[in-house]
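> here is my input, please return the structure:
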Amino acid sequence: MNSESCVRSGHADLWLSDLYLRCGLENILQNIHFHHSAIRYVFLTERHYSDVVKQNYDLTTTKFILLTEGSVFNFLGDEAFYQLPMKTSVKELQKLINTLSLHKEVPNHHQARISLTDRERQVIDLIREGKRIAEMGPLLNVHIKTVYQIRQALMKKMGCDGLIDFLRTLRSDVFRNWLTETHRYH
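Numbers count the residues shown, from 1 in each chain. You can find the predicted model right below:
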């Protein structure tokens, strides 16, 4: 574990680069009663998603809390990542930890795990290359309306609120790592 990336405390690993966020979370965690001492809580930001995945935590005793900058990564599906906005109140954070420590299921507003078709993956690759829809049609040998429909279906499938949210998600480390892990054949 890289000591610069992760800070271990009594019940949690904090994968947070923001010093203020880390100190604030450490103070909050000191005042929480943990009902089950065998559970380890891993708090991380989008930036440290790949570092945490590489750690091979024991999924039976670890609860992952992904602190996001507002986007909800619905494509993570049924993975063990609970998602909270970084601006979550102390009360909401305490409620989540208490619920998790009592072995209760937290309602995760995720859909079932999604998978991408070859065509969807091609559209994603072209978008990430900076291609416009008008350029993608001839490259994929389909009408531009078809490309538009594929992009709209992707946005819906991934739970994005709009085009800006979709583009931000495509550029996130979380999405890149998820894509690599779930679609290794590409």
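
> what's the domain layout of this protein?
7-101, 118-182 (automatic domain parsing).

> could you export those domains as a markdown table, including mean pLDDT and mean neighbour count?
In short, each C-beta sits where N, CA and C put it, glycine included. Shown next, in a markdown table, are the domains of the chain (pLDDT from 0 to 100; neighbours: other Cβ atoms under 10 Å):
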| stretch | mean pLDDT | mean neighbour count |
| --- | --- | --- |
| domain 7-101 | 80 | 16 |
| domain 118-182 | 88 | 16 |
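
> hang on, V42 in a strand?
Yes. Applying DSSP: H, G, I helix; E, B strand; the rest coil, one finds V42 inside a strand.

> is it correct that it is in contact with N56?
No. The pair V42 / N56 is not scored as a contact, 11.8 Å apart, by Cβ atoms under 8 Å.

> contacting residues for L66?
L66 is in contact with L44, T45, E46, Y49, F73, F81, Y82, Q83, L84, V174, counting by Cβ atoms under 8 Å, 6 or more residues apart in numbering.

> with adjacent residues omitted, what lies nearest to the fifth one?
Excluding its sequence neighbours, the residue lying closest to F73 (Cβ to Cβ, 6 or more residues apart in numbering) is V174, at 5.4 Å.

> please apply the same query to the second one.
In space, T45 comes closest to L67 once its chain neighbours are excluded; the distance is 5.3 Å by Cβ to Cβ, 6+ apart.
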